[in-house]
Each structure stands twice: as C-alpha cells, then as structure tokens.
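*Asks:* Structure for the following, please:
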Amino acid sequence: MKHFINLKDIPAKDLRKILIDAKKRKNAREKFNNLDLDKGAPLKGKLLIQMFEKSSLRTRLSFFLAISQLGGQTLTLRRDELHLSEGGESIEDTAKILSNFGDAFMLRTDSDEKLEEFKKYLSIPIINGLSPSSHPTQILSDVFTVEEIKKKPISKLNITWVGDSNNILNSLIAASIKFSFKLKVGCPKNYQPNQSIMNYIKKNKISISIYNDPKKAVEGADVIFSDKVISMNDKVNKIKKLNHFKNFRIDKKLMSFAKRDCIFLHCLPRGNEVREEVFKSKQSKVWHQALNRIHVQKSILLYCLGKLR
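*Replies:* Numbers count the residues shown, from 1 in each chain. Next comes the predicted model:
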C-alpha cells in the first residue's frame, strides 16, 4: 500500500514507472469505448471512495473512468452528506469506516492538515485529488502529456509557468526536481512562491528562474503552463489581483517570444489569464491534457494498490 499525496514525497523512479505504465495502457485502448475494461481488469472487485470538499469536473470524471476501466467501481461522497461535517464525527472514526468499506480513498480538500490526518488513521491508500498546497495527479499527468506531444523526455525541454504561485505551481516545482527539467516562472512582484517552497528549492539545489517580466519568462519555452489567477475560494481583492496580472495575460504576442512549436497547457477551468486566440489555437493542447488524466490516474491507482506491472 502506498499513498499519493505530494510529488516531493514519491521517489522519481516510482513516478517514472507510473508514466511508463500509463503509456502502455493508453496505447492498448486505441479502439476501446470509455467503459470497456482493460485487459485482465486488474482492479476487479475494488472500490475507490471519492470525497469532494471542493468543486470538481475533470478529477471526478477521470477517476471514475480510471477505476471503471480497471474493473473496479467508485462511490462519490460529499462532506455535507456525512457526520464528519454535520454530526461532529472525527476524522479518525471516519477513516476507520472508509478503510472497512473501500480499497482506496481519493480526497479533494481545502485542508492539507486533513489529508495528513486521514493518512494517519486510514489502512487503505489515500490519493490527493487537490489540496491548498499541491495537485500531484494533475502535474504527473501533465508531464505525461508533454512527453507524449514533444516525443522526448521533459528533462530536455524548457518549461515555463506564467501566473499565480499556487498549488499547481508547487507541484510543477516538485516535478522539476523529480524529472530534472528547467523551469522558469513568470509572475508579478509579491506573487512568487512562498518561503517554504523557496526553502524547498534551495534545499534541493535546483535552479528555478523567477521573472517579473512575462516576456523574459517565456523566451525559448517549449511548453507554457498557466492557471486561473483567481483560484477556488481565493479570499483576496479580486479586482486588485487581476489588475496586478494584467500584463501576464497569455496572448499571441506573448507566445511569439517562445519557440515556434511551443505548446500551451492549462489545468482548467480557465479565466481571463489566456486569450481565446491562444486557448483555441493549434498550440493549445488543453483537451488532450485533460483526457490524459484518465490514463495516468489508472496507473496511480495501480501503484497505490500494489498492482503496478
């Protein structure tokens, strides 16, 4: 049994094994329908319990299809339906019940501490479906997408992030260490990664360049990542924050400073951080990116349940 909470805690060789398995599984499903089973149905009889404390579309759908294609089933819970929310039941007691009824637990939460507390009391694997500090399933899937499209290891590519310093960027930074790729970050002053992330960067002796000029950040980029400037449940002055990011909006002019074959990726949903001319262009691979989450999350489930071939 293995948990999947933060990329920085998972060995690089294990992450690479997950990507190798995901590629094999995707290639094997070329003519399959969405609910056709993978050969051997390796998770037949297994139940994935999902709990969402924050809204979700791609994570919910992709985990449902992932466990279904592997032969298992999923049960989705909402916090407001449980005694955990209204009845005062403890995380410890809730975890005991989840462990008795399910084989794996995926949590999308507004609390990193809650993830760690569930991990403490669960006797089944827990998967982080998004937390305030990280989104590991998204970024591992994105590494898969980049290598699939570019047809080379991500370590040989120049990766750029343009936007706020949030959980997606935190996981991208962790991935840059695990997969040894160059990362440049473009963000306004006062929006760079927090001190704990900067300490993590320093501790691992990696070189991440941070620019307050978006043109310098995207110069020579093979891949540009972005995300909404205003995140879910962001308790800030939204007008003020959007104004700070007005020069970081991704348009054709900004993309022109990157390599000609640069691709644009976005975890979705989008806001006004990218113009339609880029989002709907041939350089945009966001739909391809979203679909790949199914394949990578299948391999994450197998990894957590000790079934990774």
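*Asks:* Need the CA coordinates for the helix ranked longest in the chain. CSV is fine.
*Replies:* Criterion DSSP state H: the longest helix present in the chain is helix 286-304. Extracted in CSV, the C-alpha atoms of helix 286-304 (Å, rounded to 0.1, in the frame of the first residue of the first chain):
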residue,chain,number,x,y,z
VAL,A,286,-5.8,21.6,-23.1
TRP,A,287,-8.3,18.9,-24.3
HIS,A,288,-5.6,16.4,-24.9
GLN,A,289,-4.2,17.3,-21.5
ALA,A,290,-7.5,16.8,-19.7
LEU,A,291,-8.1,13.4,-21.3
ASN,A,292,-4.7,12.0,-20.4
ARG,A,293,-5.6,12.3,-16.7
ILE,A,294,-7.6,9.1,-17.1
HIS,A,295,-4.6,7.1,-18.2
VAL,A,296,-2.2,8.4,-15.6
GLN,A,297,-4.7,8.1,-12.7
LYS,A,298,-5.2,4.5,-13.7
SER,A,299,-1.5,3.8,-13.1
ILE,A,300,-1.6,5.9,-9.9
LEU,A,301,-4.4,3.6,-8.6
LEU,A,302,-2.4,0.5,-9.5
TYR,A,303,0.7,2.0,-7.9
CYS,A,304,-1.2,2.7,-4.6
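*Asks:* What residues of that helix count as buried?
*Replies:* For helix 286-304, a neighbour-count test (16 or more other C-beta atoms under 10 Å) marks 286, 289-304 as buried. Every residue, glycine included, has its C-beta placed from N, CA and C.
*Asks:* what mean pLDDT does that helix have?
*Replies:* For helix 286-304, the mean per-residue pLDDT is 98.
*Asks:* Summarise which helices and strands it is packed against.
*Replies:* Where contact means 3 or more C-beta pairs under 8 Å, 6 or more residues apart in numbering; DSSP states H and E, helix 286-304 is packed against helix 12-28, helix 58-69, strand 126-130, helix 136-150, strand 263-266.
*Asks:* repeat that with 6 Å
*Replies:* helix 12-28, helix 58-69, helix 136-150 (3 or more C-beta pairs under 6 Å, 6 or more residues apart in numbering; DSSP states H and E).
*Asks:* nearest to H83, of those helices?
*Replies:* Closest to H83 of the helices and strands packed on helix 286-304, according to C-beta to C-beta: helix 58-69, at 22.4 Å.
*Asks:* The closest one versus strand 126-130: what angle between them?
*Replies:* 140 degrees (axes from the mean of the first three to the mean of the last three C-alpha atoms, to 10 degrees).
*Asks:* For I126, see how far away Q73 is.
*Replies:* In this view, Q73 and I126 are 18 Å apart by C-beta to C-beta, to the nearest Å.
*Asks:* Skipping adjacent residues, who's closest to the most centrally placed residue in the chain in space?
*Replies:* For the chain, the residue nearest the mean C-alpha position is Q138 (1.7 Å; C-alpha atoms, centre = their mean). Counting by C-beta to C-beta, 6 or more residues apart in numbering, C267 is the residue found nearest to Q138 once chain neighbours are left out, at 5.3 Å.
*Asks:* For that neighbour, which residues are in contact?
*Replies:* Residues in contact with C267 (C-beta atoms under 6 Å, 6 or more residues apart in numbering) are 138, 168, 227.
*Asks:* Now the host helix or strand of the second one: buried residues?
*Replies:* Meaning I168. In this structure, I168 sits in helix 167-179 according to DSSP states H and E. Within helix 167-179, the residues scored as buried using 16+ other C-beta under 10 Å are 167-179.
*Asks:* can I see the domain layout of this protein?
*Replies:* In terms of domains, the chain is parsed into 7-134+293-304, 136-289 (source: automatic domain parsing).
*Asks:* Tell me which of these approaches M1 most closely.
*Replies:* Of these, nearest to M1 by C-beta to C-beta is domain 7-134+293-304, at 5.2 Å.
*Asks:* who's in contact with the longest helix of the chain?
*Replies:* Helix 286-304 has contacts (C-beta under 6 Å, 6+ apart) with 2, 4, 18, 21-22, 25-26, 58, 62-63, 65-66, 70, 104, 125, 137, 140-141, 144-145, 265-266, 308.
*Asks:* Good, we can wrap up now.
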